[in-house]
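Q: Have a look; sequence and predicted model below, questions after that.
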Amino acid sequence: MAAAAYASIKLFTGTSHPELAHLIAKRLGIPLARASILQPLSGETKVTITESVRDYDVYILNTCAGEVNTSLIELCIMIHACKISSARRITAIIPHFFYARQDKKDKSRAPITAKLVANMLREAGCDHVITMDLHASQIQGFFDVPLYAEPAMVNYIREHFDDVRNCVIVSPDAGGAKRATSIADRLNVDFALFHKERKKANEVSRMVLVGSVTGKIAILVDDMADTCGTLGLAARNLLEAGASKVYGFATHGILSGPALKVISESGMEKLVVTNTIPLGDKIEGCPKIEQIDVSHVLAETIRRSHFGESVSYLFHEVPYTNGIGP
């Protein structure tokens, strides 16, 4: 579709992931809208929208990466600036949602921070939110457009594995069982999962495999790879259980702390993540990491949202990667 069709769209980016915003803009055939974002010595964030947004359909991309709190306040300020500048509609694009793991009240006096963030975005003036692979399904009630990386992962597996029938999809915990079984069903392969017990957050004490992986290629799937302790332990357990090879797939490659060391020593052949989070030099630091692009999914979501078309198509299919889909 000609760029003129997108004349009423403005796509802005914060400082957390401008590379992804540029990829989306390129796929839409539009320039990135101009905004000045400064961090003075006072520590306050200063935002100036440097072009008119009056009566435009505005999309603002910022993701949970780097200085997380700075990225969140940047996004809120940009939304507010566009709102009081008479933008027609404002949509926040948050590929990796802020505080997604703090999604429930799991102990006395614990906050539900994911809900707080949703309230902040609404009060700033956000009309819609586009996000990808939320950590827990209950958070979907906060948003309009939750997307999934599953179709892109399924396509990658079909294209890069010679014998998909010899694969088994493995969830590293019971919470990810629905995601893993969905991928297994689409590939028509077996499914297994781990039951895990934690000593504390990001530290697993014991994992028990439910299902058989003997002689098969085990594909671990999860929504995020943070310290990778769970993925590393699961990979070692799978190899001990007779898996011929182990691959890891995660939507959000946070890769904090000892993650690169854990991946290198885990026995995994490869960890595949999407570009919802910028990896910088982490790929160079660990050759086992591979990143796949989801900008075409986000660009097609913007197109469908702007023209009032169904977005549910993208829950199960990947749009054409050489341009905007049908």
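A: Cool, got the structure.

Q: Which parts of this structure are strands?
A: Secondary structure of the chain by DSSP state E: the strands cover 9-13, 35-38, 46-49, 57-61, 89-94, 128-132, 145-147, 167-171, 190-200, 203-210, 217-225, 245-253, 270-274, 289-292.

Q: Buried residues, the fourth one. List them.
A: The neighbour-count criterion (16 or more other CB atoms under 10 Å) identifies D57, V58, Y59, I60, L61 as the buried residues of strand 57-61. Just so you know, the C-beta spots here come from the backbone N, C-alpha and C atoms, and that holds for glycine as well.

Q: State the paired neighbours of it in the sheet, together with their directions.
A: strand 9-13 (parallel), strand 89-94 (parallel) (DSSP bridges).

Q: Now do the same contact list for the nearest residue to V318 once chain neighbours are set aside.
A: Excluding its sequence neighbours, the residue lying closest to V318 (CB to CB, 6 or more residues apart in numbering) is P151, at 4.4 Å. Contact analysis of P151 by CB atoms under 8 Å, 6 or more residues apart in numbering lists V297, L314, F315, H316, E317, V318.

Q: ok, P151 to T251 distance?
A: Distance of P151 to T251, given as CB to CB, to the nearest Å: 12 Å.

Q: got any ranges where the chain has weak pLDDT?
A: Under the criterion pLDDT under 70, the flagged ranges of the chain are 1-5, 135-145, 197-205, 320-326.

Q: quick check: domain ranges of it?
A: Annotated domains of the chain cover 3-149+294-315, 150-292 [automatic domain parsing].

Q: Quick check: buried residues in the longest helix anywhere in the chain?
A: Criterion DSSP state H: the longest helix present in the chain is helix 68-83. Across helix 68-83, burial judged by 16+ other CB under 10 Å covers 70-83.

Q: Go through those residues and name the one nearest V170.
A: Among these, S71 lies closest to V170 (CB to CB), at 32.2 Å.

Q: residues contacting that closest one?
A: Contacts here follow CB under 8 Å, 6+ apart; on that basis S71 touches G14, T15, S16, N62, T63, C64, A65, F98.

Q: For it, which non-adjacent residue is closest in space?
A: Nearest residue to S71, sequence neighbours excluded (CB to CB, 6+ apart): S16, at 4.1 Å.

Q: now do F194
A: In space, F194 comes closest to M207 once its chain neighbours are excluded; the distance is 4.6 Å by CB to CB, 6+ apart.

Q: does the one you found have beta-bridge partners, and which?
A: When assigned by DSSP bridges, M207 has beta-bridge partners K196.

Q: Surely it touches K196?
A: Yes: M207 lies in contact with K196 (CB atoms under 8 Å); the separation is 4.7 Å.

Q: okay, and the common contacts of the two?
A: Joint contacts of M207 and K196 (CB under 8 Å, 6+ apart) are P172, T230.

Q: hmm, back to that, for R158, find the nearest of the strands of the chain.
A: Nearest to R158 among the strands of the chain is strand 167-171 (10.2 Å), distances taken as CB to CB.

Q: related to what we said a few turns ago, quick one: which two of the contacts of P151 are the most distant?
A: Greatest spatial distance among the contacts of P151 (CB to CB): V297 and H316, at 11.8 Å.

Q: Looking at those two, which has the bigger crowd around it?
A: When V297 and H316 are compared on other CB atoms under 10 Å, the one with more neighbours turns out to be V297, at 26 against 12.

Q: Report the contact partners of the more buried one.
A: M132, L147, A149, P151, A152, L314, V318, P319.

Q: what's the spacing between the second one and Y313?
A: Just to be clear, that refers to L147. To Y313, L147 is 11 Å away according to CB to CB.

Q: Of those two, give the one with the bigger neighbour count.
A: Neighbour comparison, L147 and Y313: the larger count goes to L147, with 24 against 15 (by other CB under 10 Å).

Q: Okay, and the beta partners of that one?
A: Beta-bridge partners, per DSSP bridges, of L147: M132.

Q: Does it touch D133 like I think?
A: Yes: with contact defined as CB under 8 Å, L147 reaches D133; the gap is 7.4 Å.

Q: Quick check: neighbours shared by those two?
A: Contacts common to L147 and D133, judged by CB under 8 Å, 6+ apart, are absent.

Q: possible to save the contacts of P151 as a markdown table with distance to S212?
A: Shown next, in a markdown table, are those (distance: CB to CB, whole Å):
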| residue | distance to S212 |
| --- | --- |
| V297 | 33 |
| L314 | 33 |
| F315 | 30 |
| H316 | 28 |
| E317 | 31 |
| V318 | 30 |
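
Q: so which of these comes closest to K270?
A: Lowest distance from K270 to these (CB to CB) belongs to V318, with 20.0 Å.
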